[in-house]
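Novice: A predicted structure for the sequence below; I have some questions about it.
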Amino acid sequence: MTETLEQASVDRAELQRRTLNSLRLAQVPGQAAVAGMVAVVTLLASDLLGSDRLAGIGTASFTLGAALSMVPLAAFMRRRGRRPGMAGALLIGAAGSAIAATGGQLRFFPLFVIGMVLFGAGQASTLQGRYVAADLAEPDHQATAIAAIVWIGALGAIFGPLLTPFEKVVAESVGLDELIGPFVFATLFFLVAAAVVWTRLRPDPLAVVGGINPNATRTRPIKQVRASVGVIARSSNAKLGFAAMAISQAVMVGVMTMTPPHMKDHDHADLSAFVIAVHIVGMYGLAPFVGRTVERIGRVRSIQIGAVVLGCGTLATVLAGYVPALMFVGLFFLGLGWNIGLIGGSTLLTTSVPVESKVEVQGTSDLTMSFCGALAAFSSGFVKQSFGFHLLANAGAVLAACLLVYAWLTAARLRATPTPA
């Protein structure tokens, strides 16, 4: 009761500023952990297995772990709040990174996979940060709030891959395999992010907006997902936002996962970390501009633009061939298209569902998004090894085209029956 009274007296605008600053401080190390690991996970998995065919299992495992974490995390936050939920998930991610490092060093692949699944909880927490940013934002400024958190993650996401050479050197200096270094540092980064969330994210923004229900019924994840899907299915806008995030994630992860092995095949392995860094600049660097654009031109139209950019990125990687410069261009646009799809889709979904269902719907959408990413990562190795990288990228372009058509059809329905977009 005391906490509720204190929250009621909080200046909402001031609390939103503090919340955004706290999320920014947590996003940098959190994204550094994820991005640094992404730069080497496929290479480590390929080294452990001796083949690229199943190398996507590493990325698939942590993406699947994020997916499996989403619904329980959303249910926990609905009962307890954003702060304990995010901090707890980051701690699980830190433990997972340490376990994956141990499995990699011992060259015991099953232990490595278990660690990567747990690592996904940390990824789930960083993804939820964008929704926390929108909790206290006014409806017309939710896209900007989401973009602010997506953008600041760029600092960590860029530093993660750029720190990889240093992390490899540190690992070798203490007698570890060089590819284990980024996983050790990821553990430390997640611990720092968890400490920031636990100490600064108070009062809990979800409590201030009345989104916490300690007596919420504990339901099985499958039942909760079904209920959330039912809520999404009742809104054309929510369905489009849901699809935009899922397709953007699948295309981005599938192509990105096989980029380092593809470049290694053409003797450009030394450039792969820098290509991933440029890719992550595309994913996060223009987020403030994207957020303002979404608010100015509308969420549906933004998703259309994002689909076009996403498709252009995949096609550029196909045209790159032996020219590494075009890989930089293609991966940048791949990241930018993902960014537009994420911000436009997240905003459209959040504003299209009832307040009482928002947290659960957000968890289900991120579950689906992560699951699609896991499936794309897992299958990417098979596709590359069996048919070539070009077919993998072309499949991504086809999915982007499907999203464009779906967004166009939704826009046509909106013109016929005007509703907020």
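Specialist: Sure, I can see it.
Novice: when you work out contacts or count neighbours from here on, use the C-alpha atoms and nothing else.
Specialist: Noted.
Novice: in what helix or strand does the closest residue to Gly373 other than its chain neighbours lie?
Specialist: For Gly373, ignoring the flanking residues on the chain, the nearest one in space by Cα to Cα, 6 or more residues apart in numbering is Ala250 at 4.4 Å. Under DSSP states H and E, the secondary-structure element containing Ala250 is helix 236-265.
Novice: packing partners of that helix?
Specialist: Using 3 or more Cα pairs under 8 Å, 6 or more residues apart in numbering; DSSP states H and E as the contact test, the elements touching helix 236-265 are helix 12-49, helix 221-233, helix 272-284, helix 299-320, helix 324-350, helix 358-387, helix 389-416.
Novice: format those as CSV; extra columns: mean pLDDT and distance to Phe159.
Specialist: What follows is the helices and strands packed on helix 236-265, written out as CSV (pLDDT from 0 to 100; distance: least, Cα to Cα, whole Å):
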stretch, mean pLDDT, distance to Phe159
helix 12-49, 86, 6
helix 221-233, 84, 35
helix 272-284, 79, 8
helix 299-320, 89, 22
helix 324-350, 89, 16
helix 358-387, 80, 23
helix 389-416, 87, 26
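Novice: thought Ala55 was touching Ser61?
Specialist: No. Taking contacts as Cα atoms under 8 Å, Ala55 lies outside contact range of Ser61: 10.7 Å.
Novice: okay, now the unreliable bits of the stretch 51-200 of the chain?
Specialist: Flagging of the stretch 51-200 of the chain using pLDDT under 70 yields the residue ranges 52.
Novice: spatially central residue (nearest the centroid) of the protein, please.
Specialist: What sits nearest the mean C-alpha location of the chain, by Cα atoms, centre = their mean, is Leu127, with 5.1 Å.
Novice: secondary structure class for that one?
Specialist: helix (DSSP: H, G, I helix; E, B strand; the rest coil).
Novice: and the gap between it and Ala26?
Specialist: 12 Å (Cα to Cα, to the nearest Å).
Novice: how about Leu179?
Specialist: The spacing between Leu179 and Ala26, counted by Cα to Cα, is 25 Å.
Novice: between those two, which is the more surrounded one?
Specialist: Taking Leu179 and Ala26 together and counting by other Cα atoms under 10 Å, Ala26 has the greater number of neighbours (30 against 26).
Novice: ok, the more buried one touching Ala194?
Specialist: Yes. With contact taken as Cα under 8 Å, Ala26 and Ala194 are classed as touching, separated by 7.3 Å.
Novice: what is the neighbour count of the residue lying closest to Gly344 once chain neighbours are set aside?
Specialist: Spatially, and ignoring its direct neighbours in sequence, Gly344 is nearest to Arg299 (5.1 Å; Cα to Cα, 6+ apart). Neighbouring residues of Arg299 were enumerated by other Cα under 10 Å; the total is 30.
Novice: same check, this time on the one 3 residues further on
Specialist: Around Ser302 there are 23 other residues, counting by other Cα under 10 Å.
Novice: for it, give me its contacts.
Specialist: For Ser302, the set of contacting residues under the criterion of Cα atoms under 8 Å, 6 or more residues apart in numbering consists of Thr293, Val294, Ile340, Gly341, Gly344.
Novice: separation between the fourth one and Ala287?
Specialist: Looking back up the chat, that one is Gly341. With distances taken as Cα to Cα, Gly341 is found 11 Å from Ala287.
Novice: residues contacting Asp204?
Specialist: Neighbour list for Asp204: Gly81, Arg82, Arg83 [criterion: Cα under 8 Å, 6+ apart].
Novice: those residues in helices, which ones?
Specialist: Among those, the members found in helices (DSSP state H) are Arg82, Arg83.
Novice: top of the contacts of Asp204 by neighbour count?
Specialist: Arg82 (31 neighbours).
Novice: OK, contacts around it?
Specialist: Val132, Asp204, Pro205, Leu206.
Novice: out of those, which is nearest to Val169?
Specialist: Val132 (36.6 Å; Cα to Cα).
Novice: show me what contacts that closest one?
Specialist: Residues in contact with Val132 (Cα under 8 Å, 6+ apart) are Arg82, Pro205, Leu206.
Novice: pretty sure Val281 is touching Phe332, no?
Specialist: Yes. Taking Cα under 8 Å as the contact criterion, Val281 and Phe332 are neighbours in contact, 7.0 Å apart.
Novice: of the two, who's got more company?
Specialist: The residue with the greater number of neighbours, taking Val281 and Phe332 and applying other Cα under 10 Å, is Phe332; the counts read 26 against 23.
Novice: quick one: contacts for that one?
Specialist: By Cα under 8 Å, 6+ apart, the contact list for Phe332 reads Val278, His279, Ile280, Val281, Gly282, Met283, Gly313.
Novice: which one of these sits closest to Arg17?
Specialist: Of all those, Arg17 sits closest to Met283, with 23.6 Å by Cα to Cα.
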